[in-house]
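Novice: Next one to model:
(one chain, ligands or ions: 2)
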Amino acid sequence: MSKEAIRVLVTGAAGQIGYALVPMVARGIMLGPDQPVILHMLDIPPAAEALNGVKMELVDAAFPILKGVVATTDVVEACTGVNVAVMVGGFPRKEGMERKDVMSKNVSIYKAQASALEKHAAPNCKVTTHQLHGFLLRFICLIGSNSYFAIRSQVVVVANPANTNALILKEYAPSIPEKNITCLTRLDHNRALGQISERLKLQVSDVKNVIIWGNHSSTQYPDVNHATVKTSSGEKPVRQLVADDTWLNSEFITTVQQRGAAIIKARKFSSALSAASSACDHIRNWVLGTPEGTWVSMGVYSDGSYNVPKGLIYSFPVTCKNGEWSIVQGLSIDEFSRKKLDLTAQELSEEKTLAYSCLS
Ligand SMILES: NC(=O)c1ccc[n+]([C@@H]2O[C@H](COP(=O)([O-])OP(=O)(O)OC[C@H]3O[C@@H](n4cnc5c(N)ncnc54)[C@H](O)[C@@H]3O)[C@@H](O)[C@H]2O)c1
Ligand SMILES: O=C(O)C[C@H](O)C(=O)O
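Specialist: Ligands and ions are numbered 1, 2, ... in the order given. Coordinates of the predicted model:
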């Protein structure tokens, strides 16, 4: 039996990331090459004509797994029945701005879109967070559909400040389970993998288990203490192979933290193809699982793991199975790392306060 189509919402679809992302979704890079998809694209009325142009190009590209395109400026139409939501819509920062500088414009968008998602996304699967009810619902969904994954609503916020926008979305959509709302720090994770592979002159696919802790901002902590590299004589710790703690504890960290700003400086626009590709990686691993022995970084609602305050959307190392993420537990945190984990948590707490003051 052929698979049921998954409805994927992309907000801000007429923008830079949207333009890079929608063909990736339609090609199967996000959910797999044999998974049919229906794209829901949302933008604001001034971008309606451009959005229609993107729709025309999607038709022209004749993607075999693309089973439909909804291009709209109506948030309710856009959100109706979606299973996966990639929230890109918002205002990007320009050269010289910090991500929190775009806070007031963007958090109010996320407050408004929270209720549309809550009321209209994948209605059969988000009515309760109660475990038993959730279990029953999944069971009913399994009977009613050929794929459990095809009926869940999973949200990743890309627009900055990504962690705090996701938190606002969660707070103003209280009936969406908090496990379903995440933010994108996979781009930072991939940047860290890229820097290590460049330094060691190895394939990026041979490097794994870096961690991005905290905020998608310049206080994030890219941590290589548990990262490894595949070599002909087995897996080796990154620290051992790089053999330069000074570089790992300074230049490596600042390069990853500042990479977004470096791209803006070079391109005059913020990163787009790498952001789109990383959003696909985020959703693909969440829905289809992480490979055995590998974790990825995701901004998720803190449960207090690693003494990170509860009530923040914070980037942790996670593994994913059956469409659920779990924070990797039991990793050792040295004193250097502890300070960095706390610093980025502190920034997120301040952003949370600022976001609420923008909304009041
Ligand atoms: N988390 C990450 O790793 C990451 C990486 C790169 C960029 N970003 C962020 O992603 C966002 C988008 O970046 P971009 O380069 O595509 O920007 P862009 O300006 O090219 O596109 C944004 C689009 O969002 C639309 N938009 C604005 N308000 C909207 C609303 N209320 N509803 C729907 N659409 C709306 C705009 O019309 C525009 O088409 C920015 O906030 C940027 O800072 C995040
Ligand atoms: O830095 C930015 O504002 C863009 C984006 O968040 C990035 O990391 O490339």
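
Novice: rest of the way, CA atoms for contacts and neighbours
Specialist: Will do.

Novice: Point out where this structure drops to low pLDDT.
Specialist: Within the chain, the stretches with pLDDT under 70 are 1, 99, 122-152.

Novice: Could you list the residues in contact with the strand ranked longest in it?
Specialist: Ranked by residue count, the top strand of the chain under DSSP state E comes out as strand 313-321. With contacts defined as CA atoms under 8 Å, 6 or more residues apart in numbering, strand 313-321 is touched by 163-164, 166-167, 182-183, 185, 211-216, 285-290, 294-302, 325-328, 345, 348.

Novice: ok now stretch 199-211, how far from the chain's centre?
Specialist: Its chain's average C-alpha position is 21 Å from that of stretch 199-211, according to CA atoms, centre = their mean, to the nearest Å.

Novice: Start and end of that stretch, how far apart?
Specialist: The first and final residues of stretch 199-211 sit 17 Å from each other (CA to CA, to the nearest Å).

Novice: got the buried residues for that stretch?
Specialist: Of the residues in stretch 199-211, those buried by neighbour count under the rule 16 or more other CA atoms under 10 Å are Val204, Val207, Lys208, Asn209, Val210, Ile211.

Novice: okay if I get these as JSON lines plus secondary structure and distance to ligand 2?
Specialist: Below are these laid out as JSON lines (DSSP: H, G, I helix; E, B strand; the rest coil; distance: CA to the nearest ligand atom, whole Å):
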{"residue": "Val204", "secondary structure": "helix", "distance to ligand 2": "19"}
{"residue": "Val207", "secondary structure": "strand", "distance to ligand 2": "21"}
{"residue": "Lys208", "secondary structure": "strand", "distance to ligand 2": "20"}
{"residue": "Asn209", "secondary structure": "coil", "distance to ligand 2": "20"}
{"residue": "Val210", "secondary structure": "coil", "distance to ligand 2": "17"}
{"residue": "Ile211", "secondary structure": "strand", "distance to ligand 2": "16"}
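
Novice: What helix or strand is the residue nearest to Gln203 when sequence neighbours are not counted located in?
Specialist: Leaving aside its sequence neighbours, Gln203 sits nearest to Ser197 (CA to CA, 6 or more residues apart in numbering; 5.9 Å). Using DSSP states H and E, Ser197 maps to helix 186-200.

Novice: Count the residues that sit near Pro46.
Specialist: Other residues within reach of Pro46, judged by other CA atoms under 10 Å, total 9.

Novice: nope, Ser274 is what I was after
Specialist: Using other CA under 10 Å, Ser274 has 18 neighbouring residues.

Novice: Just confirm it contacts Leu187, I think it does.
Specialist: Yes. Here Ser274 reaches Leu187: they are 6.8 Å apart, a contact under CA atoms under 8 Å.

Novice: Where does Gly68 sit: helix, strand or coil?
Specialist: Following DSSP: H, G, I helix; E, B strand; the rest coil, the label given to Gly68 is strand.

Novice: ignore the last one, Phe252
Specialist: helix.

Novice: quick check, Thr255 in a helix?
Specialist: Yes. Counting by three-state DSSP, Thr255 is found in a helix.

Novice: what about Asn58, which helix or strand?
Specialist: If you look again at residue 58, you'll see it is Leu, not Asn. Counting by DSSP H and E, the element that carries Leu58 is helix 48-61.

Novice: Name the residues of the stretch 51-200 of the chain found near ligand 1, please.
Specialist: Residues of the stretch 51-200 of the chain found near ligand 1 (CA under 6 Å from any ligand atom) are 88-93, 109, 158-160, 162, 184-185, 187.

Novice: most centrally placed residue in this protein?
Specialist: For the chain, the residue sitting closest to the mean C-alpha position, by CA atoms, centre = their mean, is Leu184 at 2.6 Å.

Novice: Now that one. Nearest residue, chain neighbours left out?
Specialist: Spatially, and ignoring its direct neighbours in sequence, Leu184 is nearest to Val158 (5.4 Å; CA to CA, 6+ apart).

Novice: Check Val107 too.
Specialist: Spatial nearest neighbour of Val107, chain neighbours left out: Asn165 (5.4 Å); criterion: CA to CA, 6+ apart.

Novice: contact partners of the helix or strand the one you found falls within?
Specialist: Counting by DSSP H and E, the element that carries Asn165 is helix 162-171. Applying CA under 8 Å, 6+ apart, the contact partners of helix 162-171 are 106-107, 110-111, 113-114, 156-157, 159, 176, 178, 181-184, 215-216, 299, 301, 312-314, 348, 351-352, 355.
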